[in-house]
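Colleague: mind looking at a prediction? Sequence and model below.
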2 protein chains.
Amino acid sequence: MQNEPLTVRRRDLLSLIGTVAGSAAMYHTMTALGVASESRYTGPIHLDGDAKGASVLVLGAGLAGMTAALELRDAGYKVLVLEFNDRPGGRNWTLRGGAIFVELGGFKQTCAFEKGLHLDPGPWRIPYHHRALLHYCKRLGVALEPFVQVNHNAYLHASGAFGGAPQRIRAVNADFQGQISELLAKVANQGELNQAVSVEDKEILLLAFKSWGALDHNYKYREGLIASGYRGYAKPPGGGLSATPLPSEPVALSDILKSQLWRYFWNFARYELQTTMFQPVGGMDMIGKAFARELGELIRYNAKVTEIWQNDSGVTVTYVDANNPAQLQKVTADWCLCAIPLSILSQLPINVGAAMKAAIDAVPYGASVKVGLQFKRRFWEEDDAIYGGISYTDLPIREIGYPNTDYNKSGRGILLGAYLFEDANAFEFTAMPPDERVARAVEFGAVIHPQYRTEFENGIAVAWHRVPFTLGCSGHWSKEARKQHYRNLCGIDGRILLAGEHVSALPAWQEGAILSSLDAIARLHERVVKP
Amino acid sequence: MQNEPLTVRRRDLLSLIGTVAGSAAMYHTMTALGVASESRYTGPIHLDGDAKGASVLVLGAGLAGMTAALELRDAGYKVLVLEFNDRPGGRNWTLRGGAIFVELGGFKQTCAFEKGLHLDPGPWRIPYHHRALLHYCKRLGVALEPFVQVNHNAYLHASGAFGGAPQRIRAVNADFQGQISELLAKVANQGELNQAVSVEDKEILLLAFKSWGALDHNYKYREGLIASGYRGYAKPPGGGLSATPLPSEPVALSDILKSQLWRYFWNFARYELQTTMFQPVGGMDMIGKAFARELGELIRYNAKVTEIWQNDSGVTVTYVDANNPAQLQKVTADWCLCAIPLSILSQLPINVGAAMKAAIDAVPYGASVKVGLQFKRRFWEEDDAIYGGISYTDLPIREIGYPNTDYNKSGRGILLGAYLFEDANAFEFTAMPPDERVARAVEFGAVIHPQYRTEFENGIAVAWHRVPFTLGCSGHWSKEARKQHYRNLCGIDGRILLAGEHVSALPAWQEGAILSSLDAIARLHERVVKP
């Protein structure tokens, strides 16, 4: 009970600061007190007030479209969703054995994965601070398990360094941090920090370096059991008569610097990639499927939108039913929430104002390629003690993602064998036929895991520029384009408004799609109830 | 195929180095090549050769005892295990609703947890490099899930700093690293590293600091979106019209130093606590139960050993059956593998040589207390976005462990509300009655999570010095004791040899118990087949 008053004072204080000094000051105070919000998401949306039987046509049954459909339906709107694919989710998508995928250009792949194994070609992880997405997972009963973002025992690999041998993340990280600490302890001891740091702080700083940097009593980072306690041992401590550990030999700072392996450290530290990270049990599409179960008949699949036309009284959308393509279909509603990717929307006739049209046309879509590879056994666990997580390389495949499930089990497994994005290699892989993408992923991956050569069975490759329903991975906003066009993309243009990750400051993230959708329908609802 | 020759060359090279320069040099080379062994464990043990019907009495059905029993049985030995408790596992132990625990002193607790919830009062995590334990989990079909060791969004808390408000790990870590980087970039730019670092390396180092330390283009770590991309935002990026993020304000290095919060960083970096870390699905005792299922009738429960006596022809162990305490029982075998904790064994009559007896008496057992608390709802997830992992504090409770399972679900949950070890507070908590330990854990925990006050339901507290079957947490070896006694503890004394975490260089870890056991039975078997 002794601490209760503090809680009260804290709230009063924040309220006072918010009133007197504005929201920025309030948020700063909240951050300092450790109570800042974890997300833009402030809890379930409340669309209070009478929707007056208004109808909304939602275009696209991705997460943005389905979030809008769900909440608008609950608020009393008449809702219909038109979806291009024969399944819900859009980029929220999981490939399993038997799945058929035909990409732009006509290449057809049939996924040959063993039953129970899968690949998420689109989004594959959910940060703990994506609270809106987590809310819908909870509401819709989607079970989550950790996505291992930080695996100290996975590899960092630079083709031109260390004789081409991959290095353990733990070792590179400890050696970098240790030698940085040694450098700084040295200049501190020489008095060269005396202007920047008080005498008292310097003493603590030296202690901190010892612990954080694994320095010895002379403030040196060197081969020995202290450093090995961080970077790993040549032989770790054991049991019985042969228990004594053998230290490992650090890599010189200069070699780490030249290898450029430090460039991967941000993957273990940046806010958007911090732990705890999640994935749905069974595949990312469990989320899309859960939304669709809830929406049922409100989603019309196989519907390819060909035109979006509005006037003062409503919006008419023309579409082709893939099962009856000879005849154009038309459907009309009071409003249209369009969650079609801009890469597609920019090619459709739509009568919005010049500002929104310019915004729709202003955002190119990123190149990205993911390759899934099935292997006879989980050699990365059995041979290399890598359980989940990601290895990073300067080879074109960039990342190797290990499965974050079925740990320590026998039998087959799927690796994410390549994850290319936003570089020349992504375009090069996109230009290849799918089987060549798979072959190259195996060839490059074998440099890091020679077991590929004997254990590989089959693969599937998704190059997002060739995915018919999105023609790219995600909206790739330049700073200039965002400045000029973003607000125009967010507006309500007559009876049309847009949603999707492209209408957010979280590009390529599912949370961005959902937050943009919630922001849009809140404004739409306000318009409807207070015209 | 182009890389195949490298693999061959690498093996040849290692073999050559091993032959010419010895194993230390070989291990160093292996480390440099990234292929060093992950464990002392080199794969399943092979006890080849005829056991000649020899019998082994194993004392204690903890992991050391059961590993020995399993492997010796498979190698043709006649095996019997005597176990003090009415359950297998020893410290491998899980408390669930309905469990009754009577501690030394007579205090009786009945666990009141809701069905499906549990606490591991002993070991609770399995590092990826504990390969022997992982091998037995695989062999015995124990399913594993990640133990979240690194949760960037959990708290660091210092009572006397930041007005007592807990700080997010991500923020303290980013602010420390960023301001260290700024300091070092400054001295580098002033030329003060010129002796230690080449001109070329200095240029790369500055680039590395920018990325690793989240510095701006002037090499400053300051309030802004760059630093917020690591430490977290006052308002994170969102969707639609309100998408723009708001940066958070860093904490000054001096404040971090004085707060001592940097002392917790080792929990995210040390080899023994690195990720990927595991826990068995359903509780740690799934491992002990799986061993016991395999051993079946070979384990005799409720057997309290009172004397261990050997002569030239065998070993006789006297014990009391808890279900028939009036009459002493005796059992004889050719050999005895004793996995009884030294805290107990040192009090038993046993006729081993003076050296082993001195070793048995030389190791005090550590104090440790764990408290499990049940709450009405998972407020740490719902309110604080903390999913699994650990918060650290300088309050006596030291750690708050969040459940690494059932993420994002509604309903009740269990926190590890206190984890005290090796300090005065651990002794103080041990001295309290269990209900007071629970009450104190709630009181202290409420400083960090005020929700404790309204959400707490019930708790259970295990103080290891009062646990009848072990009288302490684990063998607490001093450097001097290890130097003087360790080898004597490992020897085969006549027909008796010892196993357990206390006979390893991995004290308190289950892997130490198993490795010590494997080391012991390998030497025993050698003695048996080549007398």
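Modeller: Yep, it's here.

Colleague: so which residues of the stretch 351-500 of chain A form helices?
Modeller: A:354-360, A:379-382, A:424-431, A:434-448, A:452-455, A:479-490 (DSSP state H, counting those that start in this stretch).

Colleague: apologies, that question was intended for the stretch 101-250 of chain A.
Modeller: Under DSSP H, counting those that start in this stretch, the stretch 101-250 of chain A gives helices at A:131-139, A:169-189, A:199-213, A:225-231.

Colleague: so which of the ones you listed is nearest residue B:286?
Modeller: Among these, the nearest to residue B:286 by C-beta to C-beta is helix A:131-139 (26.6 Å). Quick note: C-beta positions are derived from backbone N, CA and C, even for glycine.

Colleague: which other helices and strands contact the closest one?
Modeller: Secondary-structure packing of helix A:131-139 (3 or more C-beta pairs under 8 Å, 6 or more residues apart in numbering or on different chains; DSSP states H and E): strand A:126-127, helix A:285-295, helix A:510-529.

Colleague: what about stretch A:375-392, near chain B?
Modeller: Yes - residues of stretch A:375-392 contacting chain B under C-beta under 8 Å from any C-beta of the partner chain: A:384-389.

Colleague: farthest-apart pair in those residues, please.
Modeller: Greatest spatial distance among the residues of stretch A:375-392 next to chain B (C-beta to C-beta): A:384 and A:388, at 12.2 Å.

Colleague: more neighbours, those two?
Modeller: Neighbours per residue, other C-beta atoms under 10 Å in any protein chain shown: of residue A:384 and residue A:388, the larger number sits with residue A:388, 27 against 22.

Colleague: next up, the contacts around the nearest residue in space to the more buried one that is not next to it in sequence.
Modeller: Using C-beta to C-beta, 6 or more residues apart in numbering or on different chains and skipping residues adjacent in sequence, the residue nearest residue A:388 is residue A:148, 3.3 Å away. Contacts here follow C-beta atoms under 8 Å, 6 or more residues apart in numbering or on different chains; on that basis residue A:148 touches A:277, A:387-389, A:402, A:404, B:146, B:275-276.

Colleague: now, those that are in strands?
Modeller: Those of the contacts of residue A:148 mapping onto strands are A:277, A:389, A:402, B:146, per DSSP state E.

Colleague: now these as TSV including pLDDT?
Modeller: Listed next are the ones in strands among the contacts of residue A:148 as TSV, based on pLDDT from 0 to 100:
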residue	pLDDT
A:277	98
A:389	98
A:402	98
B:146	98
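
Colleague: can I get the helices and strands packed on helix A:131-139 in CSV with distance to chain B?
Modeller: Compiled in CSV, the helices and strands packed on helix A:131-139 are given as follows (distance: least, C-beta to the nearest C-beta, whole Å):
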stretch, distance to chain B
strand A:126-127, 9
helix A:285-295, 12
helix A:510-529, 3
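
Colleague: in chain A, what secondary structure element scores lowest on mean pLDDT?
Modeller: Least confident helix or strand of chain A, by mean pLDDT, DSSP states H and E, is helix A:4-21 with a mean of 44.

Colleague: show me what residue of the stretch 51-200 of chain A gets nearest to chain B.
Modeller: residue A:152 (3.8 Å; C-beta to the nearest C-beta).

Colleague: look up how far residue A:390 lies from that residue.
Modeller: From residue A:152 across to residue A:390, the span is 12 Å (C-beta to C-beta, to the nearest Å).

Colleague: out of those two, which sits in the more crowded spot?
Modeller: A direct count of neighbours by other C-beta under 10 Å for residue A:152 and residue A:390 places residue A:152 higher, at 30 against 26.

Colleague: spit out the contact partners of that one.
Modeller: Counting by C-beta under 8 Å, 6+ apart, residue A:152 has contacts A:168-170, A:173, B:274-275.

Colleague: of those residues, closest to residue A:87?
Modeller: The closest of the contacts of residue A:152, once distances to residue A:87 are taken by C-beta to C-beta, is residue B:275, at 34.2 Å.

Colleague: and the closest residue to residue A:178 other than its chain neighbours, how many residues sit next to it?
Modeller: Nearest residue to residue A:178, sequence neighbours excluded (C-beta to C-beta, 6+ apart): residue A:221, at 3.4 Å. Counted with other C-beta under 10 Å, the neighbours of residue A:221 add up to 27.

Colleague: so residue A:221 touches residue A:181, yeah?
Modeller: Yes - in terms of C-beta atoms under 8 Å, residue A:221 counts as a neighbour of residue A:181; the distance is 6.6 Å.

Colleague: any common contacting residues for the two?
Modeller: With C-beta under 8 Å, 6+ apart, residue A:221 and residue A:181 have common neighbours A:213-215.

Colleague: picking up where we left off before, quick one: the ones in strands among the contacts of residue A:148 as TSV, columns for distance to residue B:235 too.
Modeller: Output for the ones in strands among the contacts of residue A:148, formatted as TSV (distance: C-beta to C-beta, whole Å):
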residue	distance to residue B:235
A:277	21
A:389	30
A:402	34
B:146	30
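
Colleague: quick check: the gap between the residue of the stretch 51-200 of chain A closest to chain B and residue B:127.
Modeller: The spacing between residue A:152 and residue B:127, counted by C-beta to C-beta, is 10 Å.

Colleague: likewise residue A:194?
Modeller: Taken as C-beta to C-beta, the spacing of residue A:194 relative to residue B:127 amounts to 41 Å.

Colleague: those two - which one has more neighbours?
Modeller: A count of neighbours by other C-beta under 10 Å puts residue B:127 above the other of residue A:194 and residue B:127, at 28 against 11.

Colleague: give me the phi and psi for residue A:311.
Modeller: phi -140, psi -170 (degrees, to the nearest 10).

Colleague: the closest residue to residue A:279 other than its chain neighbours pairs with what?
Modeller: Nearest residue to residue A:279, sequence neighbours excluded (C-beta to C-beta, 6+ apart): residue A:147, at 4.3 Å. Note on residue A:147: beta-bridge partners by DSSP bridges are residue A:277.

Colleague: okay, now residue A:147: neighbour count?
Modeller: 23.

Colleague: hang on, the earlier thing: want to try CSV for the helices of the stretch 101-250 of chain A, with distance to residue B:118, mean neighbour count and mean pLDDT as columns?
Modeller: Shown next, in CSV, are these (distance: least, C-beta to C-beta, whole Å; neighbours: other C-beta atoms under 10 Å in any protein chain shown; pLDDT from 0 to 100):
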stretch, distance to residue B:118, mean neighbour count, mean pLDDT
helix A:131-139, 22, 21, 98
helix A:169-189, 31, 23, 97
helix A:199-213, 33, 18, 96
helix A:225-231, 31, 23, 98
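
Colleague: next, format these as JSON lines and append distance to residue A:322.
Modeller: Converted to JSON lines, the helices of the stretch 101-250 of chain A look like this (distance: least, C-beta to C-beta, whole Å):
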{"stretch": "helix A:131-139", "distance to residue A:322": "28"}
{"stretch": "helix A:169-189", "distance to residue A:322": "46"}
{"stretch": "helix A:199-213", "distance to residue A:322": "59"}
{"stretch": "helix A:225-231", "distance to residue A:322": "56"}
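
Colleague: among those helices, which is nearest residue A:256?
Modeller: Of all these, it is helix A:169-189 that lies closest to residue A:256, at 5.4 Å by C-beta to C-beta.

Colleague: for that closest one, packing partners?
Modeller: Under the contact criterion of 3+ C-beta pairs under 8 Å, 6+ apart, helix A:169-189 touches strand A:155-157, helix A:199-213, helix A:225-231, helix A:253-259, helix B:169-189.

Colleague: rerun that using 10 Å as the cut-off
Modeller: Here helix A:169-189 touches strand A:155-157, strand A:167-168, helix A:199-213, helix A:225-231, helix A:253-259, strand A:389-393, helix B:169-189, helix B:199-213, going by 3 or more C-beta pairs under 10 Å, 6 or more residues apart in numbering or on different chains; DSSP states H and E.
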